[in-house]
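K.L.:
When you get a sec, could you give me coordinates for this:
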Amino acid sequence: MWGNSSNNLYIVGNNGLIAHNINGSWTKIASGTTLQFNDIWGGYNAKTSQWDILAVCSQNYPLGRAIYSIKGNSAAQISTNPIQYELFGVWFAPNQHYYVVGDGIYEKNSITDTAWKNGPTDITRYATTKVRGNNVNDVFVVGAFGEFLHWNGVSWRSYIGQTGLADGSYASVAVQGNIVVAVGANNAQAVITMGRR
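P.N.:
Numbers count the residues shown, from 1 in each chain. The predicted structure is shown next:
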């Protein structure tokens, strides 16, 4: 779920579900896919004076993935080139930096760039599940086997050695100000990890 206020919310889910709640009234948005949506994020684009909203969806078998741009009550696919495998998370600061994660960490400086890059930022060998940030110089990525990454604007740092999730995975992460929280599971145990500056 993502929204810019309690009166303007979007949800995504299984079988290509995208729905928009505005002032308490729900509208289903046609996506044209049956893939499972895994994440949605939006941000205010000062250049266009509009809200940019992206959602990622995928499935393992048969393999498929897509990124959708949502405007009001319509959704359209944008390029996933050269991403080949599943996508689980999306986060961005409009007109500054865009991330999608799954089988690697992919980025763009502009949503109109023709290809997603993952060379210098692909710093983990583990699947990544979620990405969130305070700003483009303060980004967190979590994933399998307790991978917990932070980008400070200059370099990436992994905290995997401190998470203790050798047999588990983080499913999601959220950050606000000086606090970051990741949730997941290790074997059959639920895990919540909190970081503070």
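K.L.:
Hmm, A76 is touching Y68, no?
P.N.:
Yes. A76 is within contact range of Y68, at 6.7 Å (criterion: CB atoms under 8 Å). In this view, the C-beta of every residue, glycine as well, is placed from N, C-alpha and C.
K.L.:
Looking at these two, which is more packed in?
P.N.:
Just comparing A76 and Y68: by other CB atoms under 10 Å the higher neighbour count belongs to Y68, 25 against 10.
K.L.:
so where's the chain shaky on pLDDT?
P.N.:
For the chain, the stretches flagged by pLDDT under 70 are 119-122.
K.L.:
Need the nearest residue in space to I192, chain neighbours excluded.
P.N.:
V183 (5.4 Å; CB to CB, 6 or more residues apart in numbering).
K.L.:
Break this protein into its domains for me.
P.N.:
What automatic domain parsing lists as the domains of the chain is 1-122, 127-197.
K.L.:
which residues in the chain form helices?
P.N.:
All helices of the chain, identified by DSSP state H, fall at 160-163.
K.L.:
sorry, back to before: so the residue nearest to I192 makes contact with M194?
P.N.:
No. V183 lies out of contact with M194 (CB under 8 Å); the separation is 10.0 Å.
K.L.:
Of the two, give the one with the bigger neighbour count.
P.N.:
V183 (15 against 8).
K.L.:
list the contacts for the more buried one?
P.N.:
Y170, A171, S172, V173, A190, V191, I192, T193 (CB atoms under 8 Å, 6 or more residues apart in numbering).
K.L.:
got it, and A185?
P.N.:
If you count contacts by CB under 8 Å, 6+ apart, then A185 has G168, S169, A171, V191 around it.
K.L.:
how does it look with 7 Å?
P.N.:
G168, S169, V191 (CB atoms under 7 Å, 6 or more residues apart in numbering).
K.L.:
Adding neighbour count as columns, could you present those in JSON lines?
P.N.:
As requested, the contacts of A185 are exported to JSON lines (neighbours: other CB atoms under 10 Å):
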{"residue": "G168", "neighbour count": "19"}
{"residue": "S169", "neighbour count": "19"}
{"residue": "V191", "neighbour count": "18"}
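K.L.:
so which of these would you say is closest to A144?
P.N.:
Nearest to A144 among the contacts of A185, counting by CB to CB, is S169 at 4.5 Å.
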